[in-house]
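Peer 1: could you work out the structure for the sequence below:
(one chain, ligands or ions: 1)
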Amino acid sequence: METGLKEAVPLLLGWYKDARRDLPWRRGERTPYSVLVSELMLQQTRVEAVKERYGRFLARFPTAEALAAASVEEVLKEWEGLGYYSRARSLHRAAKEIAAKGFPRTWEGVKALPGVGEYTAGAISSIALGLPVPAVDGNVLRILSRFFADPSPVDDAEVLRRDRALLKEVYPPQTGDFAEALMDLGATVCVPNGAPLCGACPWAGLCEAHRRGEEGRYPVRSEKKKRKTVTADVLVLVSNGKYAIEKRDEHGLLAGMYGFPFFEGGRVPESLGAVRAVKSARHIFTHIEWRMTGYLVDVPPEVAGALRYIWATPEEIRTRYAIPSAFKAFAEWVE
Ligand code: SF4
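Peer 2: Residues are numbered from 1 along each chain as shown. From the prediction side, this is the model:
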């Protein structure tokens, strides 16, 4: 299939030389482990947020061995605020595997690491191992959809397979630069939400959507899948200056994290104590939205003693328990 992609590759690499984003994880020496850390952090998280945290994490856990030797609580604490904590657990388990067996040398080996899916395995293989394996995510799908003026929905698995195969055919020896150039093109030029900056695009002379002046028509999506809404009551119970927290279930959202007592569907036990404040908050995960009502409740000591919660001081909550950012609105009450 003649796609024009072959000509597009050197243009993109040339553009990337000057236009590449200076990001903390691209500076200095990169190891397969450091690439794994940055790629896992970047999953579902804004680059800006990762920028602030990557250096700190690497300074604390500079090698897979150092991370493997840490407790899961230490790792979660360091991850605090980044959200999607299952990534931190996966990274911790991956570090243990790497410390024991070395970093995998193949795409299949990378993909078998905990927390690593097809996209992340492609990115790590291209950037850290020099393997010609495309990393195709929503950014790349959008760029190629515009490049080809392709009417197929980008959320169709067949389009993903095709784009992977087309990129694989034209993969240059500079595998890492190519992968990161595509990421940068999607982030800074062929942007989502709004008009792409075609004037700055190295592909403007080859891009079919641009030639037709129809950039805005792509990418095409099939009808949107809806996000599920979960309503819940959240209790911030205070007794003698201590606050009730609980360890969340090992399965489901924020598995194994510490949070405030959480009642899905809003089934708060009555007569716990005096309600001092109420507020609502939302938190949006990828497929689920929490609509929460929080109650700040003063609990008499005799009631507190009968409740099976961990009672922690504000200091302990800050330093020892990583309360996920989903509870941020209510954690403010503790401060
Ligand atoms: S020319 Fe415009 S639409 Fe085409 S790839 Fe470049 S930025 Fe995207």
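
Peer 1: what about the residue in the chain sticking out farthest from the centre, distance to the ligand?
Peer 2: Here the chain has its C-alpha centre computed as a mean, and the residue farthest from that point, by CA atoms, centre = their mean, is residue 302 with 42.6 Å. Using CB to the nearest ligand atom, to the nearest Å, one gets 66 Å for the distance from residue 302 to the ligand. From N, CA and C alone the C-beta is placed, and that goes for glycine too.

Peer 1: so that residue, which state does it fall into?
Peer 2: Using DSSP: H, G, I helix; E, B strand; the rest coil, the three-state assignment for residue 302 comes out as helix.

Peer 1: would you map out the domains in this protein?
Peer 2: Annotated domains of the chain cover 5-217, 228-334 [automatic domain parsing].

Peer 1: can I get those domains in a markdown table with mean pLDDT?
Peer 2: Below are those laid out as a markdown table (pLDDT from 0 to 100):
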| stretch | mean pLDDT |
| --- | --- |
| domain 5-217 | 95 |
| domain 228-334 | 88 |
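
Peer 1: tell me which of those domains is the most buried.
Peer 2: With neighbours defined by mean count of other CB atoms under 10 Å, none of the domains of the chain is more surrounded on average than domain 5-217, at a mean of 17.

Peer 1: do that one and the ligand meet?
Peer 2: Yes. Domain 5-217 comes into contact with the ligand when judged by CB under 6 Å from any ligand atom, the residues involved being 143, 146-147, 189-190, 196, 198, 201, 203-204, 207, 209-210, 215.

Peer 1: tell me the two of the residues you listed that are most distant?
Peer 2: By the measure CB to CB, 189 and 209 form the most distant pair in the residues of domain 5-217 next to the ligand, at 13.2 Å.

Peer 1: which residues does residue 98 contact?
Peer 2: Under the criterion of CB atoms under 8 Å, 6 or more residues apart in numbering, the neighbours of residue 98 are 33, 36, 64, 68, 113.

Peer 1: so after the helix or strand hosting residue 318, what's the next helix or strand?
Peer 2: When secondary structure is defined by DSSP states H and E, residue 318 falls within helix 314-319. With elements assigned by DSSP H and E, the helix or strand that comes after helix 314-319 is helix 328-334.

Peer 1: excluding chain neighbours, what is closest to residue 44?
Peer 2: residue 84 (5.5 Å; CB to CB, 6 or more residues apart in numbering).

Peer 1: please report how far that neighbour lies from the ligand.
Peer 2: From residue 84 across to the ligand, the span is 29 Å (CB to the nearest ligand atom).

Peer 1: please apply the same query to residue 136.
Peer 2: If you measure residue 136 against the ligand using CB to the nearest ligand atom, the figure is 15 Å.

Peer 1: what about that residue, which SS state?
Peer 2: Reducing the assignment at residue 136 to three states with three-state DSSP gives coil.

Peer 1: I'd say it and residue 160 touch.
Peer 2: Yes. When contacts are counted by CB atoms under 8 Å, residue 136 is listed as touching residue 160 (5.9 Å).

Peer 1: near the ligand, which residues of the stretch 201-335 of the chain?
Peer 2: Taking CB under 6 Å from any ligand atom as the test, the list of the stretch 201-335 of the chain residues beside the ligand reads 201, 203, 204, 207, 209, 210, 215.

Peer 1: next, give phi and psi for the residue in the stretch 1-150 of the chain that the ligand sits nearest to.
Peer 2: For the stretch 1-150 of the chain and the ligand, the shortest gap (CB to the nearest ligand atom) falls at residue 146, measuring 3.8 Å. In this entry, residue 146 is assigned phi and psi values of phi -70, psi -40 (degrees, to the nearest 10).

Peer 1: ok, now the one 5 residues further on?
Peer 2: Main-chain dihedrals, residue 151, degrees, to the nearest 10: phi -80, psi -10.

Peer 1: quick revisit: OK, contacts around the residue farthest from the centre of the chain?
Peer 2: Listed by CB under 8 Å, 6+ apart, residue 302 has no contact partners.

Peer 1: what separation do you get for it and residue 273?
Peer 2: In this structure, residue 302 lies at 10 Å from residue 273, with CB to CB, to the nearest Å as the measure.

Peer 1: three-state assignment of residue 114?
Peer 2: Under three-state DSSP, residue 114 falls in the coil class.

Peer 1: ok, now how distant is residue 273 from residue 280?
Peer 2: The gap separating residue 273 from residue 280 is 20 Å, by CB to CB.

Peer 1: swap that for residue 209, please
Peer 2: Here the criterion is CB to CB. By it, residue 209 lies 42 Å from residue 280.

Peer 1: same question, residue 220
Peer 2: For residue 220, the distance to residue 280 under the criterion CB to CB works out to 36 Å.

Peer 1: let me see the ranges of the strands in the stretch 201-335 of the chain.
Peer 2: Per DSSP state E, counting those that start in this stretch, the stretch 201-335 of the chain carries strands over the ranges 228-239, 242-247, 258-259, 262-264, 274-284, 288-298, 310-312.
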